[in-house]
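Enquirer: What would the 3D arrangement of this be:
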Amino acid sequence: MCDFASNAEALEKIMVGRTLTFKRVQELNAKDYFYQMLKDNPEIRKIHPGIENELLVGAIDCHIHAYPDFVHRAQDMIQVSIDASEAGMKAVAFKDHWNVSANAAYVVQQHIDHLVEIEELDQPIEVYGGAGTNHGMNIEYIRTAALYPNFKMIWFPTFTSLDFWRGAGRPEEGGVRLVSPDGEVLPEVVEILKIAVENKVGIGFGHRDFQELLPLAKKAKELGVRATLDHPLLELNKLLLDEMQEIASLGVYIGTYCQPMIPSLYQPVADPMETIRTIQSIGPENCIIGSDFGQVLHVNSVDGLRIFIRALLGFGIEPDQIKMMLKDNPADLMWLEN
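Expert: Numbers count the residues shown, from 1 in each chain. Below is the predicted model:
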């Protein structure tokens, strides 16, 4: 049995995640961590509620979960859109793991426009949806979904993907495969990538591991696809820094979302500084900020962005860098150039 108290070298080797060591968990839970954090990051003392409001004006959240959905959500699409409008944001995009969300987005858009028209809201906002592919990579489903108004994203498989089950240590579950065993992107996936470009919509790569991501990213670059990695810092599809750097070098955005920098009941053991290191190493020009909120045990999506922006400022990310990740890059991903 290892004596943790006297064997610091052993603590470095014990992993509680793909990159998180037992020693780092001890540091994050130390009695003096709060004071050391303030000492190491003096910018935190300048942060106050409201400092984020200017940066939210014109922002785009390209990854929100809201009701109606297959599970309950903290808010419905109308509530989120009203919050975003009142914050002065430019656009929101609602993700559905399984189905088309663009149809509901269109109806919400009509309601928001009406509220602006009757002066119950001051600020118009663009409301978008897309299509989830957890049922599989069905070309005709995506081709038809792309005909819907307010359609701006295609989200690749998440909880049904081969990568998800492989990462969970249960490869026998199978799952949706996007790349052949010899590393070739499957024909139906290539066709969906082409549909995305033809219709000027972005792609979220879903819960992928590096084994499938690398050939996908290469094919996306070849075809002119605009894509992002969905929360690669979350343990369920965790990537190493050098893996993210290689994917980013192929033109794919890195989704640095509210989780895990804002720890939650969904992943309470995480290193919030990993988000900062990722942005600084990969560069804000290659990253996208999104909330990925809407789960019932989280704060609301727009409030999540507020907290996230404060945290980024407090740990040294510059306002212009936040603007790039929160406005310019998601606009590029979703082909929203003015």
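Enquirer: how near is the closest residue to G251 other than its chain neighbours to K194?
Expert: Take G251 and drop its neighbours on the chain: the residue closest to it by C-beta to C-beta, 6 or more residues apart in numbering is K221, 5.0 Å away. Quick note: C-beta positions are derived from backbone N, CA and C, even for glycine. Counting by C-beta to C-beta, to the nearest Å, the separation of K221 from K194 is 14 Å.
Enquirer: Residue ranges in the stretch 201-338 of the chain under the pLDDT threshold?
Expert: Along the stretch 201-338 of the chain, the model assigns pLDDT under 70 to residues 338.
Enquirer: The closest residue to I317 other than its chain neighbours: neighbouring residues, count only.
Expert: Distance criterion C-beta to C-beta, 6+ apart; nearest residue to I317, sequence neighbours excluded, is I279 at 6.1 Å. When counting by other C-beta atoms under 10 Å, one arrives at 23 neighbours for I279.
Enquirer: show me what contacts I279?
Expert: Residues near I279 by C-beta atoms under 8 Å, 6 or more residues apart in numbering: 256, 287, 312, 317, 321, 325.
Enquirer: Okay, it and M261: tell me how far apart.
Expert: Where M261 is concerned, I279 sits at a distance of 10 Å (C-beta to C-beta).
Enquirer: likewise L20?
Expert: Here the distance between L20 and M261 works out to 14 Å (C-beta to C-beta).
Enquirer: dump the residue contacts of G129.
Expert: If you count contacts by C-beta under 8 Å, 6+ apart, G129 has them with 93-94, 96, 100-106, 148, 150-153.
Enquirer: Enumerate the positions of stretch 215-235 that are buried.
Expert: Taking 16 or more other C-beta atoms under 10 Å as the basis for neighbour counts, the residues of stretch 215-235 that come out buried are 215-220, 225-235.
Enquirer: residue boundaries of the strands in this structure?
Expert: For the chain, applying DSSP state E gives strands covering 60-64, 91-94, 126-132, 151-155, 202-204, 227-229, 253-255, 287-288.
Enquirer: and the second one, how far out from the chain's middle?
Expert: The offset between the C-alpha centroid of strand 91-94 and the centroid of the whole chain comes to 12 Å, using C-alpha atoms, centre = their mean, to the nearest Å.
Enquirer: Using PDB, list the CA coordinates for that strand.
Expert: These are the backbone C-alpha positions of strand 91-94, laid out as PDB (Å, rounded to 0.1, in the frame of the first residue of the first chain):
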ATOM      1  CA  ALA A  91     -27.800  35.100 -31.900                       C
ATOM      2  CA  VAL A  92     -28.500  31.800 -30.100                       C
ATOM      3  CA  ALA A  93     -28.500  28.200 -31.500                       C
ATOM      4  CA  PHE A  94     -30.400  25.400 -29.800                       C
END
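Enquirer: Which strands border it, and is each parallel or antiparallel?
Expert: Strand 91-94 pairs in its sheet with strand 60-64 (parallel), strand 126-132 (parallel), by DSSP bridges.
Enquirer: Please verify my assumption that V176 contacts N134.
Expert: Yes: using C-beta atoms under 8 Å, V176 and N134 qualify as a contacting pair, with a distance of 7.5 Å.
Enquirer: circling back: same list, the strands paired with strand 91-94, but as CSV with mean pLDDT and distance to M15 please.
Expert: Formatted as CSV, the entries for these read as follows, by pLDDT from 0 to 100; distance: least, C-beta to C-beta, whole Å:
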stretch, mean pLDDT, distance to M15
strand 60-64, 98, 28
strand 126-132, 98, 32
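Enquirer: and the contacts of I279, which are buried?
Expert: 256, 287, 312, 317, 321, 325.
Enquirer: With distance to H65 as extra columns, can I get those in CSV?
Expert: Written out in CSV, the entries for the buried ones among the contacts of I279 read as follows (distance: C-beta to C-beta, whole Å):
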residue, distance to H65
T256, 17
C287, 20
L312, 21
I317, 25
Q321, 26
M325, 20
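Enquirer: What segments of the stretch 51-200 of the chain are helices?
Expert: When assigned using DSSP state H, counting those that start in this stretch, the helices of the stretch 51-200 of the chain occupy the ranges 53-56, 77-86, 102-117, 139-145, 162-167, 187-199.
Enquirer: which one of those lies closest to G251?
Expert: Closest of the helices of the stretch 51-200 of the chain to G251 is helix 187-199, at 12.7 Å (criterion: C-beta to C-beta).
Enquirer: Let me know the angle separating that closest one from strand 151-155.
Expert: Counting by axes from the mean of the first three to the mean of the last three C-alpha atoms, to 10 degrees, helix 187-199 lies at 160 degrees to strand 151-155.
Enquirer: Put the alpha carbons of helix 187-199 into CSV.
Expert: Listed next in CSV are the C-alpha coordinates belonging to helix 187-199 (Å, rounded to 0.1, in the frame of the first residue of the first chain):
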residue,chain,number,x,y,z
PRO,A,187,-19.2,7.8,-47.5
GLU,A,188,-22.4,8.9,-45.8
VAL,A,189,-20.5,11.2,-43.5
VAL,A,190,-18.6,12.7,-46.4
GLU,A,191,-22.0,13.4,-48.1
ILE,A,192,-23.3,15.1,-44.9
LEU,A,193,-20.1,17.3,-44.8
LYS,A,194,-20.8,18.3,-48.3
ILE,A,195,-24.5,19.2,-47.5
ALA,A,196,-23.2,21.4,-44.7
VAL,A,197,-21.0,23.4,-47.0
GLU,A,198,-23.7,23.6,-49.7
ASN,A,199,-26.2,25.0,-47.2
